[in-house]
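Peer 1: dropping a prediction and its sequence here:
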There are 2 protein chains.
Amino acid sequence: MNYTDGTRMIFRERTDVGKAKEIFLGQIKGTEKTETVPASSAIGRVLSTSILAPRNVPHYRRSAMDGFAVRSVELLGASLTNPVMLNVSDEIMEGTCVPVNTGDYVPDDFDAVLMMEDTISIGDMIEIRAQVHPGKNVGEIGEDVRKNELIFNKSHLLRPCDAAVLASLGIVDVRVYAKPVVAIIPTGNDLLPLPGDDVPVPGKTLDINSLMIGKYVEKWGAIARYCDIVPEDKQLIEEAIKANLDTDMMVISGGTSVGERDYVPAVVEKLGTKLVHGVGLSPGKPTALGVADNVPILCMPGYPAAGLVALFAFGKPALRKAGNIPDIPDTKVKATLSGKIMSREGYVSYARVILEGNIAHPLMTAGAGILSSIAKSDGFVIIPENVEGCEEGSEVEVVLIE
Amino acid sequence: MNYTDGTRMIFRERTDVGKAKEIFLGQIKGTEKTETVPASSAIGRVLSTSILAPRNVPHYRRSAMDGFAVRSVELLGASLTNPVMLNVSDEIMEGTCVPVNTGDYVPDDFDAVLMMEDTISIGDMIEIRAQVHPGKNVGEIGEDVRKNELIFNKSHLLRPCDAAVLASLGIVDVRVYAKPVVAIIPTGNDLLPLPGDDVPVPGKTLDINSLMIGKYVEKWGAIARYCDIVPEDKQLIEEAIKANLDTDMMVISGGTSVGERDYVPAVVEKLGTKLVHGVGLSPGKPTALGVADNVPILCMPGYPAAGLVALFAFGKPALRKAGNIPDIPDTKVKATLSGKIMSREGYVSYARVILEGNIAHPLMTAGAGILSSIAKSDGFVIIPENVEGCEEGSEVEVVLIE
């Protein structure tokens, strides 16, 4: 059994969260891997090329009104005192007009549409008492989208409505960036893999972090690669990292506190660069950030609540940068605090709160090891490092945990 | 061929958006259908029962510090002048202590943990100069979650972090509400089904609305049932609605304008109740809302931009209510308008804008038929009915189209 001899490393380094993020993201290059996928299943994917319209929309001249397609030349001089009569007919001849509804094809012979209201129906004929400009109420070919017009820029994140737009242009496949692959490496001697429906023996803990990380990275647009639990052994941790240098990012949970057992940042330093170890983040201080072989590595604390905060603060923006995925703003709601929130100066604090309408109740158990604080909280109140806590009754912004 | 005889119904009714939504949602009962799914794939699903903790977390007494597990009774009276010496040992005997790291199992014989800093290491022994309370630095069984404690309420929407919480409690399956099934019924004589990579003949339009509706309802938590295109024929529309009375909601696109061809609301009225026809929504005025056999029916305009707005304004909240899915606030960003937005009094206007950093550029083509306005816009500025437009330079909230 390992135990320390009384001389302990103290966890002195504490990089400010903004700086740590800047350093970390600065090492990340967006992927250049691309793939072709059907447009209808490309929602949530990011275009790796811009898209030009391959055809005109509309591809025919269409009526902008319910009424009659006419030849404007035949109505020259029409007036109240000198009305023109046209035959309503499906057969296109001199002196005829064709009934059209909004959106209908306007046959080539005709160059204007009269609104129904501007005509008087008399049997199979209509009487018209005003002349009309050529082109009136006719949507020209390409009025909406012109052939070769830029429709989407490179790096556009495709939405459901965009799938419809692509379909309307006859685009069935699109070229998108490959989803970034994120290796998830749990470390610890006392971890057990899921599923674990039986109560583990005392001292053993289920590896729930991998599931949490995996489900979030999938939600954020990546592919999760779940790795086996790695014991607290430098050699084995090194092997695990080396085995995943083909990924776009690694998230290693556990083994980041400074102590005899905390090998992960040291191994990252050996294989590449340890950029940051210890951040002004509460919970989540023991977070380490590094890079090996151009693969960014987030070493997050093993405690679930601290790990979750580190994942939100560093993992999400890093993954998005690695996958060229545009950053989507967090969902936020305004609320009034029902109690005081304490925070430490010099730390960005992620205080967990329960929302009840417009009231945010601070969770009293803020311990990083307290799993239930995650289940119970609806969101975070993020308190900057230069602010010391929030008073009861103050207006806060709650970032929803989604 | 149909054409009107000069006497036209005028589209007089115009229900205010808030009122229309209230009437529509008032007719919707949340589903009572439930199903059992694996907890790890239940993210985004809604619990149909509350969940109590089936066991304690931690399920063993765990150390809150790095240090030594001790028997407090053996340290009674320890002081600077009267230190106590304990053997550091893995064997549990009188006069021994066990080294523990944070989170480790504290063996039953021991009742307190001394922080390493409060001991002096001398060979295989430690010297202790203060007594300690029973329970000090020991996390008791159930400290985090007590057996039978309420973990999630009924109707809780499961998040990735919740999947981890369930896993830690050994919960492998959960009971959730069945996803609502939404029938998507396109209507129109000139519609062609997708895919359509060839240019359709003049006058024919691709049915892109079904794809747009389907992808949104799936994103919002429902199952899309894509139905065949129904021609503009009352009998056929009636049959299509009847064939989908087993669903939780219908979205019918097209055929809602008041005119000879616009059959859908009339058929809804025949089969059930037409609640609203014509809303103060721009674009999207011809929207109709109804219910038949307890199934809510959204009749949205066929024009894609108007349809999209109706879908966001009425379809999303209706679907969420039908599926007991909690309403998640929209993602909003603040921006400054680079140009004036016009709006009509009496109408809630969804003005489409392009975002460029903190600047929102109004899209000039606001036509409901203009497909490209969807592709180009990043979000909506929603202007209430009692406000007439927004001036250039004003601060607005943009609801992102996601």
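Peer 2: Perfect, thanks for sending it. Residues are numbered from 1 along each chain as shown, chains lettered A, B, ... in the order given.

Peer 1: let me know the pLDDT of the residue most central in space within chain A.
Peer 2: A centroid search over chain A (CA atoms, centre = their mean) returns A:I328, at 5.0 Å, as the residue closest to the centre. Among the per-residue scores, A:I328 holds a pLDDT of 84.

Peer 1: over to A:R261?
Peer 2: Taking A:R261 on its own, its pLDDT is 58.

Peer 1: doesn't A:G280 make contact with A:P286?
Peer 2: No: shown here, A:P286 and A:G280 do not form a contact pair, counting by CB atoms under 8 Å, at 11.8 Å. All C-beta atoms are positioned from the backbone trio N, CA, C, and that covers glycine.

Peer 1: more neighbours: which of the two?
Peer 2: Each of A:P286 and A:G280 had its neighbours counted (other CB atoms under 10 Å in any protein chain shown), and the higher figure belongs to A:P286 (27 against 20).

Peer 1: now name the helix or strand holding that one.
Peer 2: Under the criterion of DSSP states H and E, A:P286 resides outside all helices and strands.

Peer 1: try A:V309
Peer 2: In this structure, A:V309 sits in helix A:304-310 according to DSSP H and E.

Peer 1: which elements pack onto that helix?
Peer 2: With contacts taken as 3 or more CB pairs under 8 Å, 6 or more residues apart in numbering or on different chains; DSSP states H and E, helix A:304-310 sits against helix A:209-219, strand A:295-300, helix A:372-376, helix B:160-168.

Peer 1: what residues are up against A:V267?
Peer 2: When contacts are counted by CB atoms under 8 Å, 6 or more residues apart in numbering or on different chains, A:V267 is found next to A:234, A:237-238, A:241.

Peer 1: picking up where we left off before, after the helix holding A:V309 comes which helix or strand?
Peer 2: Once the chain leaves helix A:304-310, the next helix or strand it forms, by DSSP H and E, is helix A:316-322.

Peer 1: wait, does that following helix contact chain B?
Peer 2: No: if you take CB under 8 Å from any CB of the partner chain as the test, helix A:316-322 misses chain B, and the best it gets is 11.6 Å.

Peer 1: residue of the stretch 301-402 of chain A nearest chain B, please.
Peer 2: Residue nearest to chain B within the stretch 301-402 of chain A: A:A375 (4.3 Å; CB to the nearest CB).

Peer 1: give me the number of residues near the closest residue to that residue other than its chain neighbours?
Peer 2: Nearest non-adjacent residue to A:A375, counting by CB to CB, 6 or more residues apart in numbering or on different chains: B:V165, 4.3 Å away. For B:V165, the count of nearby residues is 28 (other CB under 10 Å).

Peer 1: repeat for the one 4 residues further on
Peer 2: Taking other CB under 10 Å as the criterion, the count of residues near B:L169 is 29.

Peer 1: give the other helices and strands that the lowest-mean-pLDDT helix or strand in chain A contacts.
Peer 2: The least trusted helix or strand in chain A, going by mean pLDDT, DSSP states H and E, turns out to be helix A:372-376, with a mean of 80. When contacts are defined as 3+ CB pairs under 8 Å, 6+ apart, helix A:372-376 sits against helix A:304-310, strand A:348-356, strand B:150-152, helix B:160-168.

Peer 1: how far is that helix from where the chain is centred?
Peer 2: With CA atoms, centre = their mean, to the nearest Å as the basis, helix A:372-376 stands 24 Å off its chain's centre.

Peer 1: quick one, the helix or strand following it and strand A:348-356 angle?
Peer 2: Scanning forward in sequence from helix A:372-376 by DSSP H and E, the next helix or strand is strand A:379-383. With axes from the mean of the first three to the mean of the last three CA atoms, to 10 degrees applied, the angle from strand A:379-383 to strand A:348-356 works out at 140 degrees.

Peer 1: that older thread, quick one: contacts of the helix holding A:V309?
Peer 2: Under the criterion CB under 8 Å, 6+ apart, residues A:208-209, A:212-213, A:253, A:281, A:283-287, A:298, A:300-301, A:350, A:352, A:367-371, A:373-374, A:380, A:401, B:161, B:164, B:168 lie in contact with helix A:304-310.

Peer 1: switch to 6 Å and redo it
Peer 2: A:209, A:253, A:283-284, A:287, A:300-301, A:350, A:368, A:371, A:373-374, B:161 (CB atoms under 6 Å, 6 or more residues apart in numbering or on different chains).

Peer 1: dump those residues to TSV, plus neighbour count and distance to A:E32.
Peer 2: Shown next, in TSV, are the contacts of helix A:304-310 (neighbours: other CB atoms under 10 Å in any protein chain shown; distance: CB to CB, whole Å):
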residue	neighbour count	distance to A:E32
A:N209	29	30
A:S253	30	28
A:P283	26	36
A:G284	28	31
A:T287	29	28
A:M300	29	27
A:P301	26	32
A:Y350	26	34
A:A368	19	37
A:L371	23	39
A:S373	21	40
A:I374	23	36
B:C161	25	32
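
Peer 1: count the neighbours of A:G26 for me.
Peer 2: 10.

Peer 1: what's the spacing between it and chain B?
Peer 2: As for A:G26, its distance to chain B is 21 Å (criterion: CB to the nearest CB, to the nearest Å).

Peer 1: before we move on, the earlier item: what pLDDT does the residue nearest to A:A375 get?
Peer 2: Predicted confidence (pLDDT) at B:V165: the value is 91.

Peer 1: same deal with the one 4 residues further on?
Peer 2: Looking at B:L169, its pLDDT reads 90.

Peer 1: so who does it touch?
Peer 2: Contacts of B:L169 by CB under 6 Å, 6+ apart are B:53-54.

Peer 1: phi, psi of it?
Peer 2: For B:L169, the backbone dihedrals (degrees, to the nearest 10) come out as phi -90, psi 0.

Peer 1: am I right that A:I92 is in contact with A:D109?
Peer 2: Yes: between A:I92 and A:D109 there is a contact under CB atoms under 6 Å: 5.3 Å.

Peer 1: where does pLDDT dip in the stretch 51-200 of chain A?
Peer 2: The model of the stretch 51-200 of chain A has pLDDT under 70 over residues A:196-197.

Peer 1: residues from it in reach of chain B?
Peer 2: A:55, A:57, A:59-60, A:90, A:99, A:105, A:121, A:144-145, A:151, A:160-161, A:163-165, A:167-168, A:170, A:172, A:194-197, A:199 (CB under 6 Å from any CB of the partner chain).

Peer 1: returning to that earlier point: what about the residue nearest to A:A375, distance to B:F152?
Peer 2: Between B:V165 and B:F152 the computed distance is 8 Å (CB to CB, to the nearest Å).

Peer 1: next: A:G123.
Peer 2: For A:G123, the distance to B:F152 equals 71 Å [CB to CB].

Peer 1: what do you get for A:S121?
Peer 2: Counting by CB to CB, the separation of A:S121 from B:F152 is 65 Å.
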